[in-house]
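Asks: have a look; sequence and predicted model below, questions after that.
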Amino acid sequence: MSTNPKSGTQNNNGHSDVALDVRDLRVHYKTPEGDVIAVNGISFKVYKGELVGLVGESGCGKTTAAMGILRLVQPPGRIMGGRVMLDGDMDIINLGNKELRRARWTQIALVPQGAMNSLNPTMRVKDQIKDAIETHEGRQSKAVLKERTLDLLALVGLPSRTFNMYPHELSGGMKQRVCIAMAIVLNPILVIADEPTSALDVIVQRVVAQTMLDIKKRLGVSMIMIGHDMGLMAQMVDRVAVMYAGNLVEIAPVRAAMKAPMHPYTQLLIESIPSIKERKPLKLTEGLTHDLRNPPPGCIFQFRCPHVAETCRTQKPPMLEIQTRHGVACHLYKPEETA
Ligand SMILES: Nc1ncnc2c1ncn2[C@@H]1O[C@H](COP(=O)(O)OP(=O)(O)O)[C@@H](O)[C@H]1O
Ligand SMILES: [Mg+2]
């Protein structure tokens, strides 16, 4: 898989405007029946201050990709290759363990899938946030801790009384916002939130999504938000990245993705967003057509693609930046079209 060398733009100060540059990241799970190829060489960038929505059906490798980016993949999972460049020149994949520990939270932070259910039930919110701060910055005075924590709570839209509360006294949305507060506590460059709105009711989903947007605006932090609700994503993200069976098939500015999706899988995903105005039959057939242990040669989407051609059976389409910040991995689009 290749990335377009032209896309690594520099701003006027000579600093890169790229917060995260993932290059050919591969993650396998070792099983007795062979390797599950959960992330099959994905490449993409997240620009500074940008919110990228990572979508794709359950099991397509979104969580594994996030864990790969943070180098938190647990056995039997293993990172098989690739680079994860943070803020220009820090390669997460090749950092020493000490530097890696420092980079997590201070540079790149995670709101894990199901985070709100893993808050410590015996600790008040203030003590959980204190722990997060002191683990990385050492002991702090009580007054400083209180001020920072109250600021953080306000930033995620929680009332100050949350400070003294226990997790069981909070609603799901409030718990999720505590987890988001803990992720941004050290002002990271990038936050990855894995399905932060799943398991919440639709109203609360929107409140949590809005919280993420507020934080992005106020702190200028870059974000990857994993989810499968295309409708919600469309309203909040700057770009949408679409995964299918371990592969990134398209990454596009959200308007382009909604109005003129290029990859046939993205087209099916967009068509499947329910609409009241226009009731349409569902085109998408569910489920994978191959075993992740045994991906076919050629394009990963060939078995479900309405446009499948001979080349698609033999050659894997590279990810090409067809338009500015719009990449697609599909033989329907040729490199000559690159402007
Ligand atoms: N510990 C594991 N052992 C084997 N396969 C795994 C393991 N964890 C995840 N997988 C497989 O990796 C693929 C990607 O999983 P995951 O990253 O959780 O997908 P998503 O977050 O998109 O739902 C799935 O097919 C899943 O079954
Ligand atoms: Mg997941």
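Replies: Thanks, I have it. Residues are numbered from 1 along each chain as shown. Ligands and ions are numbered 1, 2, ... in the order given.
Asks: write out the residues of the stretch 151-300 of the chain neighbouring ligand 1.
Replies: By the rule Cβ under 6 Å from any ligand atom, the part of the stretch 151-300 of the chain lying against ligand 1 is Leu292. Quick note: C-beta positions are derived from backbone N, CA and C, even for glycine.
Asks: mind running it again at 8 Å?
Replies: Taking Cβ under 8 Å from any ligand atom, the part of the stretch 151-300 of the chain that reaches ligand 1 is made up of Asp194, Glu195, Ile226, Met243, Gly246, Leu292.
Asks: okay, and which of those map to strands?
Replies: Asp194, Ile226, Met243 (DSSP state E).
Asks: tell me the one among those residues nearest to Arg26.
Replies: Within those, the smallest distance to Arg26 is 13.6 Å, found for Met243 (Cβ to Cβ).
Asks: next, count neighbours for that closest one.
Replies: 25 (other Cβ atoms under 10 Å).
Asks: quick one, what contacts it?
Replies: Ile42, Leu54, Val55, Gly56, Cys60, Gly61, Lys62, Ala65, Val249 (Cβ atoms under 8 Å, 6 or more residues apart in numbering).
Asks: you'd agree the second one is up against Lys62?
Replies: Pointing back at Leu54 there. Yes - Leu54 lies in contact with Lys62 (Cβ atoms under 8 Å); the separation is 5.4 Å.
Asks: now rank the contacts of Met243 by neighbours and give me the top one.
Replies: Highest count within the contacts of Met243 by other Cβ under 10 Å belongs to Leu54, 31 neighbours.
Asks: which SS class is it?
Replies: Under the three-state scheme (DSSP: H, G, I helix; E, B strand; the rest coil), Leu54 adopts strand.
Asks: cool, and Ala252?
Replies: Per three-state DSSP, Ala252 ends up strand.
Asks: residues contacting it?
Replies: Ala252 touches Arg239, Val240, Pro261, Met262, Thr266, Arg325, His326, Gly327, Val328, counting by Cβ under 8 Å, 6+ apart.
Asks: likewise Ile37?
Replies: Contacts of Ile37 (Cβ under 8 Å, 6+ apart): Arg26, His28, Gly246, Leu292, Arg293, Pro295.
Asks: tell me the centre residue of this protein?
Replies: The centroid of the chain falls nearest to Ile224 when counting by Cα atoms, centre = their mean (3.5 Å).
Asks: that residue: what's it in contact with?
Replies: 20, 46, 51-54, 66, 69, 190-193, 241.
Asks: cool, and Arg124?
Replies: Here Arg124 is in contact with Phe163, Asn164, Met165, Tyr166 (criterion: Cβ under 8 Å, 6+ apart).
Asks: A strand includes Phe44, no?
Replies: Yes - Phe44 sits within a strand when classified using three-state DSSP.
Asks: what bridges to it?
Replies: Beta-bridge partners of Phe44, counted by DSSP bridges, are Val22.
Asks: wait, it touches Asn247, no?
Replies: No - counting by Cβ under 8 Å, Phe44 does not reach Asn247; the two are 11.3 Å apart.
Asks: out of these two, which sits in the more crowded spot?
Replies: Ranked by neighbour count (other Cβ under 10 Å), Phe44 and Asn247 place Asn247 first, with 25 against 21.
Asks: sorry, back to before: looking at the contacts of Arg124, which is nearest Ile215?
Replies: Nearest member of those to Ile215, counting by Cβ to Cβ, is Phe163, at 18.5 Å.
Asks: ok so the closest one is a helix residue?
Replies: Yes - under three-state DSSP, Phe163 falls within a helix.
Asks: coming back round to it: scan the contacts of Ile224 and report the most crowded one.
Replies: In terms of neighbours by other Cβ under 10 Å, those top out with Leu54 at 31 neighbours.
Asks: which of the residues of the stretch 151-300 of the chain next to ligand 1 lies closest to Met116?
Replies: Glu195 (10.7 Å).
Asks: count the neighbours of Gly41 for me.
Replies: 20.
Asks: hmm, I was thinking of Leu232
Replies: Neighbours of Leu232 (other Cβ under 10 Å): 18.
Asks: could you pull up the residues touching the closest residue to Asn117 other than its chain neighbours?
Replies: Leaving aside its sequence neighbours, Asn117 sits nearest to Lys175 (Cβ to Cβ, 6 or more residues apart in numbering; 7.9 Å). Counting by Cβ under 8 Å, 6+ apart, Lys175 makes contact with Met116, Asn117, Leu119, Pro167.
Asks: farthest pair within those?
Replies: Asn117 and Pro167 (9.0 Å).
Asks: the residue of the stretch 1-150 of the chain found nearest ligand 2: how many residues sit nearby?
Replies: Using Cβ to the ion, the single residue of the stretch 1-150 of the chain nearest to ligand 2 is Thr63, 3.2 Å away. Counted with other Cβ under 10 Å, the neighbours of Thr63 add up to 20.
Asks: which strands and helices lie in contact with the helix or strand it falls within?
Replies: Per DSSP states H and E, Thr63 falls inside helix 62-69. Under the contact criterion of 3 or more Cβ pairs under 8 Å, 6 or more residues apart in numbering; DSSP states H and E, helix 62-69 touches strand 18-31, strand 34-47, strand 51-55, strand 77-86, strand 190-194, strand 222-226.
Asks: okay, these in CSV with distance to His136 next?
Replies: Formatted as CSV, the helices and strands packed on helix 62-69 follow (distance: least, Cβ to Cβ, whole Å):
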stretch, distance to His136
strand 18-31, 20
strand 34-47, 22
strand 51-55, 24
strand 77-86, 16
strand 190-194, 15
strand 222-226, 19
